[in-house]
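> pasting a predicted model and its sequence here:
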Amino acid sequence: MNWFEIGTVEDIPARGARCVSTPQGKIGVFRTADNRIFAIDDHCPHKGGPLSQGIVHGASVTCPLHNWVFSLETGEAQGADEGSVRTIPVRVVDGRISIGLEPALMAAE
Amino acid sequence: MTERLVIIGNGMAPGRMLEHLLEIAPNRYQISIFNAEPRVNYDRIMLSPVLSGEKSYEEIVIHGDGWYVANGITLYKGHKVVEIDREAKTVTSEHGAVEPYDKLVIATGSVPFIIPVPGKDLPGVLSYRDLDDVNAMLIAAQSRQKAIVIGGGLLGLEAAAGLKERGMDVTVLHVMPTLMERQLDPAAGYLLQKAIEARGIKVVTRANTKRIVGETRVEGVELDDGTFIPATLVVMAVGIRPNAGLAQQAGLAVNRGIVTDDQMRTSDPDILSLGECAEVGGRVYGLVAPLYQMAKVAAATLAGSDGEQFVHVETPTKLKVTGIDLYSVGDFADGDDREEIVLRDASAGVYKRVILKEDRVIGTVLFGETADGPWFADLQKKQTDISEMRDTLIFGQSFQGGASADPLAAVAALADDAEICGCNGVCKGKIVSTITSKGLTSLDDVRAHTKASASCGTCTGLVEKLMTLTLGDSYNPAAVQPICGCTDLGHDDVRRLIKAKRLKTIPAVMQELEWKTSCGCAKCRPALNYYLVCDWPDEYADDYQSRFINERVHANIQKDGTYSVVPRMWGGMTSSQELRAIADVVDKFQIPAVKVTGGQRIDMLGIRKEDLPAVWADLGKAGFVSGQAYAKGLRTVKTCVGSDWCRFGTQDSTGLGIRIEKFMWGSWTPAKLKLAVSGCPRNCAEATCKDIGVICVDSGFEIHFAGAAGLDIKGTDVLGLVKTEDEALEVIVALTQMYREQARYLERIYKWAKRIGHDEIRRQVLDDVERRKAYFDRFVFSQKFAQVDPWSERVSGKDKHEFRPMANLSFQPAAE
C-alpha cells in the first residue's frame, strides 16, 4: 500500500466532500460534522452518480442522482437499497490527510 | 312566532350550549349574541399553547364566522352589554344596540382578580384571561427582557412557561409555600417547582407582593421583605372571580356568582346563567368540564325539557406545559379517617399518591407519570371497593390482574362507561359506537362528532388508541407525517416552532426540537435550511452543506456527473449580442448540447464542473446572470409578445413579465416557482397551467394561481382581477410570500393552496389590503439579501473548493 498526501482537513468543508483524481478513477474524500475523514470511490454502484457531490449527514452520504445512502465507514448501501462502494484507507497526521492505494492496481495502469 | 333568545357572552360555555340547543330544538329561537371581545368563539383552554407558540389563533377557533351565518345567529362583536331591562325585556350594549328577548342567557364569565397593591394600574401590568392579554404578552416578549408572573397556580405557571419559551427571563412569585397548593399536595408541589426551575424559570415562594414599582411604566416588584425584583412585564394570575356585576345591577340574586337552580335558571325564570359567572349548588366553577355540563343542562332547559339537572362532579386538573405531566383530582388533605398509598421514584421524577377512605379512592395526585389518572378518577367516580387490589393499586391499571403493560390492552380493558375525555365528558362506549355507526376514519372526524379530545387535547392518545382498537390496521394514527426519520414533527410544526422559539441555526433547531440524529439527513437538512432562509433573511447564514448539489454549485447535475447551465433571458426576450455570446461560449468550452427550454431560454448541457466558473465568467461579460434553473426558487416568467406586436394583445405582457422577473429573481421558495404572462385570453404564454399566471384583458389583469403541468396536470384558478400593473405585481408578490412562509418544503403552490383553501388565500392577498402590503414588504426585505447573482460571486472566487479536485494524483507515489 502506498500513501499519498492529498491536502489538509481544512480543505474540506465540515459535512462536505472534495474529490481526488487518481489513475484508478475519482475518489471522494469526506469530512463529517465531528471532523472524521473518510474516502470512498466517487462512483455510486447504482447509476454511477458522483457521491462526493451528495449531502453528508452523520457518517453517511446521500447520492445526488437518486438518493441512495451509503455508510462512509463500510461503503454499504443503507436502507432498502443493496450495493456497496469501495472504501479507501485514510490517515490523518497533524491535520494532513493521506489516502492509501494498492501498488498492484497502480502498476496495472 | 319564534321566540327571541339573547345571549350575553360568547365564551366556550354558551358556544357549547348553542350546539346542544341547535341539535335538540333547531328552529325554536331566533338567536343573538353579544360578545365584549371583537371576535368569534375560541378555545380559551388553548391560550397557553398560543402564548408558547405551539398553536396559532386560527387553530383554536371553535366557531368561525361561517358557523354563525349558517345557523342564522346574529353576533355583535365588540359589544359589551351595559344594561338589562327586565321590565321591557331588552338588553342594551355600550354602542347602543338594543335587542328584545323572550329568554336571556347571562354568560359573562369571570374577571381576573387584581391584587390591590400600589402600581397595579401601571402600563406593563397584565392579566391572563383572553387573546388580547396573550397578544399584549407576545408584544412584550419581543423585548426578551425580564418578566414576573404573580401567582403560582395553573394559569400563572402556564403563562410563565409560555413567556420563557418566547425568550423572556421569567420569575414566578407565589404567596404560598408550594406551587398549585389547591390542586397538589406539598410533595408534588415541590417536584413541580423543580421541574419549572429546570426550565430556567425562577420560583420564589412565600412571596408577598408589597407594591409594583415604576414611574411611567412598570420597572419591577417589591416584596414585603424589601426584596426588589426588576421586570418590564408583570402578569397577574392570582385567580378569577365571577363576573356578576351586570346581573347584580339587574336585580338578580347574586352570591359569589349569579345564583341558579340545578336547571341553570336564575331568580328570574326567563333568565338563565351558565359558565364561570354562575353559582350552582353553592359552588362556582373554573374548569371546562363542569361548564360544558352546565351548557348541556341550559340547552335542555331552553328547549323546554325538564330532565337535565346539574350534578357536581370532581374535575381533574392538568397542567398544559409541554414536558411536565401532572394530574390531580379529588380530596387529598390528610385526615384521621384516611389512608394513603404513595409511590416515589426520585430518579425518574415520579410521584404518585392515592388517598383512600373506607376502601374507596377519594383523591389522586400524580406527577411525572399520569397515564393512570383517568383510571383512578373512574374508581373514585364509581366508588369502587379497592380492598382486593389494594397492594398493587398504586402501580396502576395495567398491573391489575397481571395484564401486560401494553397501553392498547389497557385501553381495551376499560369499561364502556369509562370517561376518556374529561373536558367534554365523553366515555369510551360513546366514542366506539360513534366511530362504528358513522364510519369515522380520522381523528378530526371523531373530534367533530363526539367532541372527545377536542378541547385541551391531553386525551388525544387515548382516543387514537380507541380508533386503532375499533378500526384495526386501517387507522393510521400518524396523521401528521414526520419530515423524516430524524424527527416526529411534521413540517408545519417545525415551521411554527422555528418562528415561535426564534431558532436561527440548524443545530439550534435540532437541539430544541429534539432531533433524533446528530446532524439530520438529506431530507430534513435542505428543508430546515430553506425555512431558516425564509424566516430570518437578514440573520441566517445559508448553510450550503445542507443544500442539494444543484443549489450548492448553481447548475444542474446531469446523469453523467456533468452540469447544465441556463442563463436568465428576462421574459424570454434575447438579442443578437446575447446569442453571439452564447455561441462563443459553446465553441470555446466545446459544450456538446444546446437546447431551447420550455421556459423560453437556452440550456447548455454537458459542461464539466471544473469549467463552470470560466463559463460563467464569459456569460457574465455579456450581461448574463444565473437563470436559477436549478433552484427551489423563482425560475422563469414566460411571456407572449403582447400589445407590442400582437394584433390581439390587450396589454404589454412582455413588459409586465420582465418587470415581475426582475423584481422576484433570486428568491428561494418551497419548491420551484414558474410564472407566465399572456397578453390576451388566447393565452399563448400558457399562463393557466403555471404556479402563478396572468391573463391580460382590456379591463386589467386577471391573476391566476395553483396550476400544474408536471406529475399532475391542473388548470389554474382565478385569484382575482386587478386594474393596474402595480397592483398585479403587488398581489403576485404577496401570494408568493404567503406561499414562502406557509408551505412545506418541496410542496408546489397547487398542493399548498389545496391544503390552505383558495378562499383563504384570496382573502389574505387580494381582499385584505393591509395584509397584502405586509406580505409584500416582507418579500422586499428578503430580496435585499437574496438578489445577488451567484455566478458572478463564484467567478470572483467564492466556494473555489467546489470546482476543483482536492488533488490530482499521478502514477508516482509522493514521498512517504
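Ah, there it is.
> C-alpha only now, for contacts and for neighbours.
Noted.
> would you mind naming what in chain A lies close to chain B?
By Cα under 8 Å from any Cα of the partner chain, the residues of chain A that approach chain B are A:2-7, A:11-16, A:18-23, A:33, A:48-50, A:53-58, A:62, A:64-65, A:106.
> narrow those residues to those in strands?
Of the residues of chain A next to chain B, the ones assigned to strands by DSSP state E are A:2-7, A:16, A:18-22, A:55-57, A:62.
> are any of those residues buried, and which?
In these, burial by neighbour count holds for A:3-7, A:16, A:18-21, A:55-57, A:62, counting by 16 or more other Cα atoms under 10 Å in any protein chain shown.
> of those, closest to residue B:719?
In terms of Cα to Cα, no member of these lies closer to residue B:719 than residue A:55, at 38.4 Å.
> shaky segments in the chain?
In the absence of a named chain, chain A is used. Along chain A, the parts satisfying pLDDT under 70 run over A:103-109.
> that's the wrong chain, I wanted chain B
B:1, B:322, B:346, B:398-407, B:458, B:476-480, B:811-816.
> quick check: residues of it near chain A?
Counting by Cα under 8 Å from any Cα, chain B comes close to chain A at B:517-522, B:545-549, B:559-561, B:801-802, B:805-811, B:813-816.
> can you rerun that using 7 Å?
When proximity is defined as Cα under 7 Å from any Cα of the partner chain, chain B approaches chain A at B:518-522, B:545-546, B:548-549, B:561, B:805-811, B:813-814, B:816.
> quick check on the residues you listed: which are buried?
B:518-522, B:545-546, B:548-549, B:561, B:805-807, B:809.
> turn those into TSV, columns for secondary structure.
Converted to TSV, those look like this (DSSP: H, G, I helix; E, B strand; the rest coil):
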residue	secondary structure
B:518	coil
B:519	coil
B:520	coil
B:521	coil
B:522	coil
B:545	helix
B:546	helix
B:548	coil
B:549	helix
B:561	coil
B:805	coil
B:806	coil
B:807	strand
B:809	coil
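> got a markdown table for the residues you listed, with distance to residue B:792 too?
Formatted as a markdown table, those follow (distance: Cα to Cα, whole Å):
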| residue | distance to residue B:792 |
| --- | --- |
| B:518 | 35 |
| B:519 | 31 |
| B:520 | 31 |
| B:521 | 30 |
| B:522 | 28 |
| B:545 | 20 |
| B:546 | 22 |
| B:548 | 20 |
| B:549 | 18 |
| B:561 | 23 |
| B:805 | 21 |
| B:806 | 23 |
| B:807 | 25 |
| B:809 | 30 |
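> from those residues, pick the one nearest residue B:36.
Closest approach to residue B:36 among these (Cα to Cα): residue B:520, at 48.2 Å.
> quick one, what contacts the closest one?
With contacts defined as Cα atoms under 7 Å, 6 or more residues apart in numbering or on different chains, the neighbours of residue B:520 are A:57, B:486.
> switch the cut-off to 8 Å
Going by Cα atoms under 8 Å, 6 or more residues apart in numbering or on different chains, residue B:520 touches A:57-58, B:486, B:510.
> next: residue B:217.
Residue B:217 touches B:122-124, B:232, counting by Cα under 8 Å, 6+ apart.
> hmm, 7 Å instead?
Applying Cα under 7 Å, 6+ apart to residue B:217 gives the contacts B:122-124.
> check residue B:810 too.
Each residue near residue B:810 by Cα under 7 Å, 6+ apart is listed here: A:22-23.
> assumed it was part of a strand.
No - using three-state DSSP, the assignment for residue B:810 is coil, not a strand.
> can you list contacts of stretch B:658-672?
B:570-571, B:631-635, B:637, B:729, B:740, B:743-748, B:783, B:786-788.
> inside helices: which ones of those residues?
Among the contacts of stretch B:658-672, the members falling in helices (DSSP state H) are B:729, B:740, B:783, B:786.
> measure residue B:589 to residue B:793 for me?
Separation of residue B:589 from residue B:793 (Cα to Cα, to the nearest Å): 21 Å.
> now do the SS call for the nearest residue to residue B:485 once chain neighbours are set aside.
The shortest distance from residue B:485 to any non-neighbouring residue, by Cα to Cα, 6 or more residues apart in numbering or on different chains, is to residue B:516 (7.9 Å). Under three-state DSSP, residue B:516 falls in the coil class.
> touching, residue B:516 and residue B:487? I think so.
Yes - shown here, residue B:516 and residue B:487 form a contact pair, counting by Cα atoms under 7 Å, at 5.9 Å.
> more neighbours, these two?
Neighbour totals were compared for residue B:516 and residue B:487, and residue B:487 leads with 18 against 13 (other Cα atoms under 10 Å in any protein chain shown).
> contacts only, for the more buried one.
By Cα under 7 Å, 6+ apart, the contact list for residue B:487 reads B:515-516.
> what's the answer for residue B:40, then?
By Cα under 7 Å, 6+ apart, residue B:40 lies in contact with B:63-65.
> whichever of the contacts of stretch B:658-672 end up buried, select them in PyMOL.
Only the buried entries of the contacts of stretch B:658-672 go into this PyMOL selection, using 16+ other Cα under 10 Å:
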select buried, chain B and resi 570+571+631+632+633+634+635+637+729+740+743+744+745+746+748+783+786
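> residue B:298: which element?
helix B:288-302 (DSSP states H and E).
> burial of residue B:333, as a residue count?
Residue B:333, neighbours per other Cα under 10 Å, totals 10.
> from residue B:118, how far off is it?
35 Å.
> does residue B:385 touch residue B:360 like I think?
Yes - shown here, residue B:385 and residue B:360 form a contact pair, counting by Cα under 7 Å, at 5.4 Å.
> the two: which is more packed in?
Counting neighbours by other Cα under 10 Å for residue B:385 and for residue B:360 shows that residue B:360 has the greater number, 19 against 14.
> show me what contacts that one?
When the contact criterion is Cα under 7 Å, 6+ apart, the partners of residue B:360 are B:380, B:383-386.
> and it, what are its bridge partners?
Counting by DSSP bridges, residue B:360 is bridged to residue B:357.
> what are the ranges of the helices in chain A?
Going by DSSP H, chain A shows helices at A:103-108.
> do the same with the stretch 401-550 of chain B
Using DSSP state H, counting those that start in this stretch, the helices of the stretch 401-550 of chain B run over B:407-413, B:428-438, B:443-450, B:460-471, B:491-500, B:506-512, B:524-535, B:549-553.
> what's the most buried one of the ones you listed?
helix B:524-535 (a mean of 23; mean count of other Cα atoms under 10 Å in any protein chain shown).
> now do that helix: distance to the chain's middle.
Centre-to-centre, helix B:524-535 and its host chain are 19 Å apart (Cα atoms, centre = their mean, to the nearest Å).
> cool, and stretch B:233-244?
Its chain's average C-alpha position is 25 Å from that of stretch B:233-244, according to Cα atoms, centre = their mean.
> CA atoms only for it, dumped as PDB, please.
Provided in PDB are the C-alpha atoms of stretch B:233-244 (Å, rounded to 0.1, in the frame of the first residue of the first chain):
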ATOM      1  CA  LEU B 233     -43.700  42.900  32.300                       C
ATOM      2  CA  VAL B 234     -45.800  41.800  35.200                       C
ATOM      3  CA  VAL B 235     -48.500  39.200  34.700                       C
ATOM      4  CA  MET B 236     -51.100  38.900  37.500                       C
ATOM      5  CA  ALA B 237     -52.500  35.400  37.600                       C
ATOM      6  CA  VAL B 238     -53.700  35.100  41.100                       C
ATOM      7  CA  GLY B 239     -57.200  33.900  40.400                       C
ATOM      8  CA  ILE B 240     -60.500  34.800  38.900                       C
ATOM      9  CA  ARG B 241     -63.900  35.900  40.300                       C
ATOM     10  CA  PRO B 242     -67.300  35.500  38.700                       C
ATOM     11  CA  ASN B 243     -68.300  38.500  36.600                       C
ATOM     12  CA  ALA B 244     -71.700  39.100  38.100                       C
END
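> list the contacts for residue B:166?
Residues near residue B:166 by Cα under 7 Å, 6+ apart: B:52, B:141, B:500-501.
> can you map out the helices along the stretch 101-250 of chain B?
Ranges of helices in the stretch 101-250 of chain B, per DSSP H, counting those that start in this stretch, are B:131-141, B:154-165, B:186-198, B:245-249.
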